[in-house]
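Undergrad: Structure, please.
(chains A and B)
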Amino acid sequence: MRLVFPNRGLDLRIPNYEDLERLEKEEASDRPKWDNKAQYILTCVGFCIGIGNVWRFPYLCQSHGGGAFLIPYLILLVLEGMPLLLLEFAIGQRLRKGSVGVWRAINPYLTGIGIASMLVSFLVGLYYNTLIAWIMWYFFNSFQDPLPWSQCPLSDNGTEFVPECQQSSTVDYYFYRVTLNSSASIADSEGLHWPIVVCLLAAWTLICICYIRGISTSGKAVYVTAILPYIVLAIFLIRGLTLKGALSGIKFLFTPDVDELIKPTTWLDAGAQVFYAFSIAWGGLISFSSYNPVHNNCMQDAVILTAITGFTSIYAATVTYTIIGFRATEKYDNCVSENIITLLNTFDLTEDNITTSNYEEVFNQLNSSYPDTVLGLDIKTCDMHKLLSEGVEGTGLAFIVFTEAITKMPGSPAWSVLFFIMLLCLGVSTLFGNIEGVVVPLKDLHMFPKHWPQEALTGTTCVVAFIISLLFAQNSGLYWVTLFDNFAGSVPLLTIGLFELLAVVYIYGIDRLNEDLEFMIGHKPSIFWQVSWRLISPLIILVILVFYLVTQAQEELTYLVWDPNSEEFPSLATIPYPSWISAVIFLLAGVPSLAVPVYALFRLVFVCCKKKFVSRPKIREISQSD
Amino acid sequence: MLEKIIFLLCSLSALSEQLCAPDASDGYKVRLSIKTALGDQAYVWNKNEMFLFRATLAFAMRNQISGQDFEVSNIVVCDETPRVSFWFVVTLPANSSLLVDKEKVEEAVRKSRNRINSAFLLTDKTLEFIGIPPTLAAPVKPDTPPWLIVFGVVMGVVGAGIVFLLVSSVVQRKRKDEKTDDEDIGEETRVKTVENGSASEGVYNMSFSDDDRLTKM
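TA: Just a heads-up that it's a prediction; the model follows:
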């Protein structure tokens, strides 16, 4: 297919092969470089493997048919994720610029893509670092025995616990009240909660120091932040498998339900997860690969990264579900014991009469002989399936389900420290890519004075970001984080990814990219890559994007709140968003998505005006000289 | 004479049984869960254990109300079930047909709860006095919140690291400036190709690529 839009002056804007060879040999570029290949691979792995692999993928896997979900996930990993990955690696390595520079070099009208990437990276970075702040708070509080979230505070008269804690649970109370001090709606901000402010300060300072000299410092930090999670997951796997009920969790996760494969939502969720898992369209990957030597084998890197991501997702899901299975079994056993005690107390039977094994038959016996009494007891049905599927994604998984499970394991402070340090490493390594995707475009757009060193750029960005992220330290911070998560990190990324793909295929030209790859790695990409770049990947992204927009437009804008006064307490109540939220959603999702066409339009207008402005005095000059 | 004594004893016991009945206004129900608490080590509940209970409760009453010598006979028990639950009432030592008030009994039990529990190797949960909620153990509160300590350590390390990195980069830059100053004095005519190669305007500077490419004749 020779469908390529005309793109004048491309050769003037990008270095040609001889120049690249010369730069390589003389090492004359003052661009930063990776110390070795391992640093580069670890940075990319750290960027791609984030907290989402621990708390989003296992939930998707379990809710979409268990083991059967792996089929669409792995297929889309290869058809959608890998081609996009190679695309970003290849153009970064070839054009040797950050995200804004690369798109500006391909065509100045496309600079909007780079700006959109920067905006998305910034918005996502803000709320992601808030999650890191919460993780840090739990980490700081893990160094005590007993853990603070295993106890309820007493009420004033000392005979019972605080009602909010009594009705829900110790872990819920600790998260929603002690950590966040949640208000009842997004509009009630009620001031800042200072423990979160302090933790946000810690989080941004940590990022600042790790990235202070760009990749020369972050490249050293990734040795820890990218490798430690794997070690901790291994420790948890071994510990988890020895706990009672672990295998029921794993069975629940992987039991395939082939009927789910027919549903389109399964495939769409798998596609979206692959897209977000690879951190495509954030601009960080382009930046990272531009620091590579010119002849680095980026195709091999893309394949390796895809394999590592797939393996890690399944590995993390297994570990997560051993712990979830343990917790569910504990809760189930407690539920049954409580019921047994209730029955024993009501009917004054000897303690040995009812055990866990004969509970069912005795219960039925008593129910048939004394139905009214039994009904009056209000006995809870203990449902293992329900216990296994509750609260298992997002913040609920880490801060409620896991923390509860950890309090039941012997030696809880140690496990808590390990768990939160793992989450911290996962999050921080993703943030390196994030902040790279913000600082480098700002530098390319000349937002900073030229003489400022890298340290000043990083410092300024971190300070500004800290001040803006104080929004999440309010009492309504949790709801703002959820808002950002739903809107800033979903539609804009898909739009930018689509634009990127179309820009490279139809404006830069796939033939040119093939030649570039032949120059860089020695052979042209095979037919698989050609077909997926031109046809399959854009189609998949388009379908996912349309589906997302359609479902979002149809859904009512509601959110979940922690309201002790609501009827559904302790479950989260669903209330509609206030009316001004549409403006905020437009800022979060609309502005980055529209940055591409709007910038192109502005530039068109600007160039036209400049031409008219320049040509008029010239005509006057010519006519006057005659 | 003998008959009178027998009649008196019978009426006394009948009276005390009337004093103690389920849902008595001044009585409490007690429930023990021995097997739950002790598992294999559980002892069998028999008359001797009951005697110990009555004695322990008499002890608790003596602790609470000074001057009155409560005896085992002052603790009247009834309605025993195989669950091991029963009702008890406390009679005054002076007049065994009068009952001690509910509140006084509650206070006495609360005060000596620990002693009563440990006499039976049980806990607040496994030796229940229905209607007397146990005073819950206050959550452990250390003087300095431990999280502040960890936070201080982490921030200290990070802060020291930032200062170190900034200082070292300033020192490095000073050294580089001195070096380039020396080189400038020596070779003034060397073309600085480095700056030309890394233009960031988006317009690639052509100053050192081959002219043949552009001017093809």
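
Undergrad: quick one: A:Ser182 and chain B, what's the gap?
TA: Here A:Ser182 is placed at a distance of 19 Å from chain B (Cβ to the nearest Cβ, to the nearest Å). C-beta here means a position set from N, CA and C on the backbone, and glycine is covered the same way.

Undergrad: oh, I was asking about A:Pro83
TA: Distance from A:Pro83 to chain B, counting by Cβ to the nearest Cβ: 27 Å.

Undergrad: Contact partners for that residue?
TA: A:Trp529, A:Ser532, A:Trp533, A:Ile536, A:Ser537 (Cβ atoms under 8 Å, 6 or more residues apart in numbering or on different chains).

Undergrad: Leaving out sequence neighbours, find the closest residue to it.
TA: Distance criterion Cβ to Cβ, 6 or more residues apart in numbering or on different chains; nearest residue to A:Pro83, sequence neighbours excluded, is A:Ser532 at 4.1 Å.

Undergrad: these two touch, right, that neighbour and A:Leu76?
TA: No - using Cβ atoms under 8 Å as the test, A:Ser532 is too far from A:Leu76 to be in contact (11.1 Å).

Undergrad: Residue numbers of the stretch 151-300 of chain A in contact with chain B?
TA: Selection of the stretch 151-300 of chain A residues close to chain B by Cβ under 8 Å from any Cβ of the partner chain yields A:151-154, A:158-161, A:198-199, A:202, A:205-206, A:208-209, A:212-213, A:217.

Undergrad: which of these count as buried?
TA: With burial judged by 16 or more other Cβ atoms under 10 Å in any protein chain shown, the buried subset of those is A:151-154, A:161, A:198-199, A:202, A:205-206, A:208-209, A:212-213, A:217.

Undergrad: List just the nearest of those residues to chain B.
TA: Proximity of these to chain B was ranked by Cβ to the nearest Cβ; the top entry is A:Gln151 with 3.9 Å.

Undergrad: Give me the pLDDT for the closest one.
TA: Predicted confidence (pLDDT) for A:Gln151: 85.

Undergrad: what about it, distance to A:Ser357?
TA: 33 Å (Cβ to Cβ, to the nearest Å).

Undergrad: one step back: quick one: residues contacting the residue nearest to A:Pro83.
TA: Neighbouring residues of A:Ser532 by Cβ under 8 Å, 6+ apart: A:Leu79, A:Glu80, A:Met82, A:Pro83.

Undergrad: Can you tell me the closest non-neighbouring residue to A:Ile280?
TA: Leaving out its chain neighbours, the residue that sits closest to A:Ile280 by Cβ to Cβ, 6+ apart is A:Leu84, at 4.9 Å.

Undergrad: separation between that neighbour and A:Val102?
TA: 15 Å.

Undergrad: between these two, who's got more neighbours?
TA: A:Val102 (31 against 26; other Cβ atoms under 10 Å in any protein chain shown).

Undergrad: if I pick that one, what's in contact with it?
TA: A:Ile91, A:Gly92, A:Leu95, A:Gly114, A:Ile286, A:Ser290.

Undergrad: try 10 Å this time
TA: A:14, A:88, A:91-92, A:94-96, A:110-111, A:113-114, A:117, A:283, A:286-287, A:290, A:441, A:444, A:500, A:503-504, A:508 (Cβ atoms under 10 Å, 6 or more residues apart in numbering or on different chains).

Undergrad: Find me the pLDDT at it, would you?
TA: As predicted, A:Val102 sits at a pLDDT of 92.

Undergrad: so which strand or helix has it?
TA: Taking DSSP states H and E as the criterion, A:Val102 maps to helix A:99-106.

Undergrad: If you count neighbours, what's buried in that helix?
TA: So, applying 16+ other Cβ under 10 Å, buried residues of helix A:99-106: A:Ser99, A:Val100, A:Gly101, A:Val102, A:Trp103, A:Arg104, A:Ala105, A:Ile106.

Undergrad: what's the nearest residue to the second one if we skip its chain neighbours?
TA: Residue nearest to A:Val100 in three dimensions, not counting chain neighbours: A:Gly114, with 3.3 Å by Cβ to Cβ, 6+ apart.

Undergrad: mean confidence score for the helix or strand harbouring the one you found?
TA: Element membership for A:Gly114 (DSSP H and E) is helix A:111-140. Averaging pLDDT along helix A:111-140 yields 93.

Undergrad: Also stretch A:80-94?
TA: 92.

Undergrad: shaky segments in the chain?
TA: Looking at chain A here, since you left the chain open. For chain A, the stretches flagged by pLDDT under 70 are A:1-3, A:28-29, A:158-159, A:391-392, A:615-626.

Undergrad: nope, chain B please
TA: B:8-18, B:184-217.

Undergrad: What's the local residue count around residue 162?
TA: Picking chain A for this. So A:Val162, with other Cβ under 10 Å, has 14 neighbours.

Undergrad: actually chain B
TA: Neighbours around B:Ile162, by other Cβ under 10 Å: 16.

Undergrad: ok, back up a step: doesn't the residue nearest to A:Pro83 fall inside a helix?
TA: Yes - per DSSP: H, G, I helix; E, B strand; the rest coil, A:Ser532 lies within a helix segment.

Undergrad: mind checking how far it is from chain B?
TA: Applying Cβ to the nearest Cβ, the value for A:Ser532 to chain B is 29 Å.

Undergrad: before we move on, what about A:Gly66?
TA: Relative to chain B, and taking Cβ to the nearest Cβ, A:Gly66 is found at 37 Å.

Undergrad: just the strands in chain B please.
TA: Using DSSP state E, the strands of chain B run over residues B:28-32, B:75-81, B:85-90, B:127-130.

Undergrad: which one of the buried ones among the residues of the stretch 151-300 of chain A next to chain B is nearest A:Tyr315?
TA: Nearest to A:Tyr315, judged by Cβ to Cβ, of those is A:Leu206 at 25.9 Å.

Undergrad: How about the contacts made by the spatially closest residue to A:Ile435 that is not a sequence neighbour?
TA: With sequence-adjacent residues excluded and distances taken as Cβ to Cβ, 6+ apart, A:Ile435 is closest to A:Tyr211, at 5.3 Å. By Cβ under 10 Å, 6+ apart, the residues touching A:Tyr211 are A:217-219, A:221, A:428, A:431-432, A:434-436, A:439, A:454-455, A:457-459, A:461-462.
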